[in-house]
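Asker: Return a 3D structure for these sequence lines:
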Amino acid sequence: MRKEIVRVINNNLGNAISLIDSISPETYTDASIGPYYSSIGSHIRHALDFFDCIIEGLQSNNIDLTARKRDEEISKNPAAAKEKINAIQTQLVSFIGVNTDYLLKVTDNLGEGKETIMYTLESILAQANTHATHHYAIISYMMQSLNVEIEIPGFGYNPSTPVPKREGI
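Answerer: Next up is the predicted model:
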């Protein structure tokens, strides 16, 4: 696997650590914002679940994105979330230089039941990274609604968004 891909993903995951370090545990677990009434912690946990599914399914060549652990400790405990992020980052670094020129079976529910699609490791990790960014955008909305201001440039914006529009939180 190319080191640039790991670096970019780990940087994006590092933004979640920056967020966690910048907010209170009460803000992390606040589920008062509609329409879904979920917490920042639940969005962080959800994004990490995808990386966890990838890592767990590599050995068997059966990555099942519907088999998420949904570890509520990560949703409720900022320290547990940071620990999980660090573990994922360490695992991703271990992939640098490993041959990833083969296909993996990835199962997901696309809306009408489970489907298995062939991916490379780099492509499924890119999808997980984009998925995390999508949830960061939801978190940005939640932060604004909670009147919590922190500064993480570009947080929640897809890198393809024009730079003048990527303010972050």
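Asker: rest of the way, CA atoms for contacts and neighbours
Answerer: Fine.
Asker: which intervals of this structure have sub-threshold pLDDT?
Answerer: Counting by pLDDT under 70, the chain has low-confidence residues at 162-169.
Asker: tell me the phi and psi of Ile63?
Answerer: With angles defined as degrees, to the nearest 10, Ile63 sits at phi -90, psi 120.
Asker: need the helices for the protein, in chain order.
Answerer: Under the criterion DSSP state H, the chain contains helices at 3-22, 25-29, 40-57, 72-76, 78-94, 121-145.
Asker: ranking the ones you listed by burial, who's on top?
Answerer: Per-stretch averages of neighbours, counted by mean count of other C-alpha atoms under 10 Å, single out helix 40-57 among the helices of the chain, with a mean of 22.
Asker: Just give me how far it sits from the chain centre.
Answerer: 6 Å (C-alpha atoms, centre = their mean, to the nearest Å).
Asker: Report the inter-axis angle for it versus helix 78-94.
Answerer: 30 degrees (axes from the mean of the first three to the mean of the last three C-alpha atoms, to 10 degrees).
Asker: orientation of helix 40-57 relative to helix 3-22 in degrees?
Answerer: Angle of helix 40-57 versus helix 3-22, following the same axes, to 10 degrees, is 150 degrees.
Asker: from the chain's centre, how far out does stretch 109-127 sit?
Answerer: Distance of stretch 109-127 from the chain centroid (C-alpha atoms, centre = their mean) equals 15 Å.
Asker: same check, this time on stretch 75-88
Answerer: Per C-alpha atoms, centre = their mean, the displacement of stretch 75-88 from the mean C-alpha position of its chain is 12 Å.
Asker: With only the CA atoms kept, save it in CSV.
Answerer: The C-alpha trace of stretch 75-88 is given here as CSV (Å, rounded to 0.1, in the frame of the first residue of the first chain):
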residue,chain,number,x,y,z
SER,A,75,-19.8,6.7,21.5
LYS,A,76,-19.8,7.7,25.1
ASN,A,77,-16.1,7.9,26.1
PRO,A,78,-13.8,10.3,24.3
ALA,A,79,-10.7,8.6,25.6
ALA,A,80,-11.9,5.2,24.2
ALA,A,81,-12.6,6.8,20.9
LYS,A,82,-9.0,8.3,20.8
GLU,A,83,-7.6,4.9,21.7
LYS,A,84,-9.6,3.3,18.9
ILE,A,85,-8.4,5.9,16.4
ASN,A,86,-4.8,5.4,17.5
ALA,A,87,-5.1,1.6,17.0
ILE,A,88,-6.6,2.1,13.5
